[in-house]
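K.L.:
generate coordinates for the sequence data below:
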Amino acid sequence: MLRRLAFALVSLLTVAPVASAAGRDEAIPKDLRRLQDDVANLDAELRDLEPDDPKADAFRQRAEEIGEDVIYLKVKMRRARKEGREGTGVTLDEVGQVQDEIRNLRDDIAAAFGRDNREIRVAAGTEFAVRLDDPLSSRTARREDRFDASVLDPVRAGGALAVPAGTRIRGVVRNAEPAERPSRPGRLELDFDTLYLETRRLDIRAGLAAMEGTGRKPAEKAGIGAVLGGVIGSLFEGRHGAIVGAIVGASGAVVATKGDDVELPAGTVVTVRLAEDLVIPQRR
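P.N.:
Residues are numbered from 1 along each chain as shown. As a prediction, this is how the structure comes out:
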């Protein structure tokens with residue numbers, strides 16, 4: 001894999017730059033983030049396969065090649081940014097081709113080993129990371145405001161992929177209190193009540209457990225998605241706004257320092273804890 005990746009990078013860096021005009025057919029960093037989610041879900045399915053099965057090994061080889069393709073696209077995008085070129089240097093067609101490869105591989109895995117259609121139960125107390133798609137502030141938020149987030153890492157239960165990475169999850173502001181200078185801090189209390197899984201809408205009961213980086217559990221194994229997480233991450237640096245506050249108490253409230261409001265920019269990663277079992281019905 002390293003030899004293939006090195007060759008791809010050398011080829012990319014030695015090719016003369018090609019002008020790229022921004023347009024509807026051009027990918028943006030968010031498209032690569034979705035691609036990373038797809039790869040993480042592929043990782044989760046590969047993890048279920050036997051380690052010494054020749055068919056499984058062939059599927060893993062295909063997955064490694066897909067991982068190299070994703071890294072190649074990321075390098076192209078980063079190079080366009082460093083050169084200050086207009087646009088990102090990566091087309092939606094290129095992203096779509098890799099997505100097709102992932103989809104075909106997942107279909108082939110399902111055909112070779114069968115698809116698990118049983119009901120899946122994710123136990124109460126399970127924690128998983130989500131990424132806020134909308135910014136939140138104790139200064140502007142109001143009780144019952146809705147916001148969207150995305151599941152960051154695949155959630156597994158009973159050896160099965162229960163909730164894929166990238167799954168949309170809806171949150172609600174349970175309470176918001178703006179800061180009052182000089183000493184009263186801003187406060188946000190957030191719940192999560194809906195999960196949009198493929199074409200299904202599932203009611204859930206979940207609350208905030210920890211802020212970015214805390215309460216996270218390491219992945220079961222280092223896979224392609226884990227590798228890409230570090231590689232792609234640099235494309236999403238430089239978020240606007242600063243995260244202010246920390247989770248406190250059993251209520252899961254985010255409370256800022258004295259006189260400050262809680263500011264959670266889009267892209268903030270938080271840890272969510274299920275308050276009751278999440279039952280995922282059989283696929284039809």
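
K.L.:
any stretches of this structure with poor pLDDT?
P.N.:
Applying pLDDT under 70 to the chain flags the ranges 1-24, 114-117, 212-246, 249-250, 283-284.

K.L.:
helices along the stretch 101-250 of the chain, start to end?
P.N.:
224-233 (DSSP state H, counting those that start in this stretch).

K.L.:
can you give me the strands in it?
P.N.:
Remark: strands assigned in the stretch 101-250 of the chain by DSSP state E, counting those that start in this stretch are 120-122, 127-132, 136-137, 146-151, 155-157, 160-163, 168-177, 187-197, 200-210, 246-248.

K.L.:
who wins for proximity to N104 among those strands?
P.N.:
strand 160-163 (17.6 Å; Cβ to Cβ). Bear in mind the C-beta positions are built from the backbone N, C-alpha and C, glycine included.

K.L.:
what are the contacting residues of the closest one?
P.N.:
41, 44-45, 48, 116, 118, 120, 122, 128, 151, 154-156, 195, 197, 278, 280 (Cβ atoms under 8 Å, 6 or more residues apart in numbering).

K.L.:
buried residues in that strand, which are they?
P.N.:
For strand 160-163, the neighbour count (16 or more other Cβ atoms under 10 Å) marks L161, A162, V163 as buried.

K.L.:
among the contacts of strand 160-163, name the buried ones.
P.N.:
Among the contacts of strand 160-163, those scoring as buried are 41, 44-45, 120, 122, 128, 151, 154-156, 195, 197, 278, 280 (criterion: 16+ other Cβ under 10 Å).

K.L.:
what's the closest of those residues to R139?
P.N.:
Each of the buried ones among the contacts of strand 160-163 was checked against R139 using Cβ to Cβ; the closest is V151, at 27.4 Å.

K.L.:
any idea how far the residue lying closest to the closest one once chain neighbours are set aside is from A176?
P.N.:
Excluding the flanking residues, the one nearest V151 by Cβ to Cβ, 6 or more residues apart in numbering is T167, at 4.3 Å. Plainly put, T167 is 26 Å away from A176 if you go by Cβ to Cβ, to the nearest Å.

K.L.:
need the residue closest to the centroid of the chain.
P.N.:
Of all residues in the chain, the one closest to the mean position by Cα atoms, centre = their mean is L152, 3.0 Å from it.

K.L.:
ok, now which ones touch it?
P.N.:
F128, A129, V130, R131, A165, V269.

K.L.:
could you dump the buried residues of strand 160-163 to TSV with distance to R103?
P.N.:
Putting the buried residues of strand 160-163 into TSV (distance: Cβ to Cβ, whole Å) gives the following:
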residue	distance to R103
L161	15
A162	20
V163	18
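
K.L.:
in the protein, which residue sits furthest out from the middle?
P.N.:
P182 (37.3 Å).

K.L.:
contact partners for A206?
P.N.:
For A206, counting by Cβ under 8 Å, 6+ apart, the contacting residues are D191, F192, D193, V272, R273, L274, A275.

K.L.:
got it, and V155?
P.N.:
V122, T126, F128, L161, A162, V163.

K.L.:
now it: how far from R33?
P.N.:
18 Å.

K.L.:
same deal with R121?
P.N.:
R121 is 29 Å from R33, by Cβ to Cβ.

K.L.:
of these two, which one has the most company?
P.N.:
The residue with more neighbours, out of R121 and R33, is R33; 18 against 14, by other Cβ atoms under 10 Å.

K.L.:
leaving aside the residues next to it on the chain, what's closest to F59?
P.N.:
The nearest residue in space to F59 (Cβ to Cβ, 6+ apart) is I109, at 5.7 Å.

K.L.:
touching, that neighbour and A44? I think so.
P.N.:
No - at 11.1 Å, I109 does not count as touching A44 under the criterion of Cβ atoms under 8 Å.

K.L.:
list the residues that contact S183.
P.N.:
K258, G259.

K.L.:
of the buried residues of strand 160-163, closest to T140?
P.N.:
For these, the nearest to T140 is V163 (29.7 Å; Cβ to Cβ).
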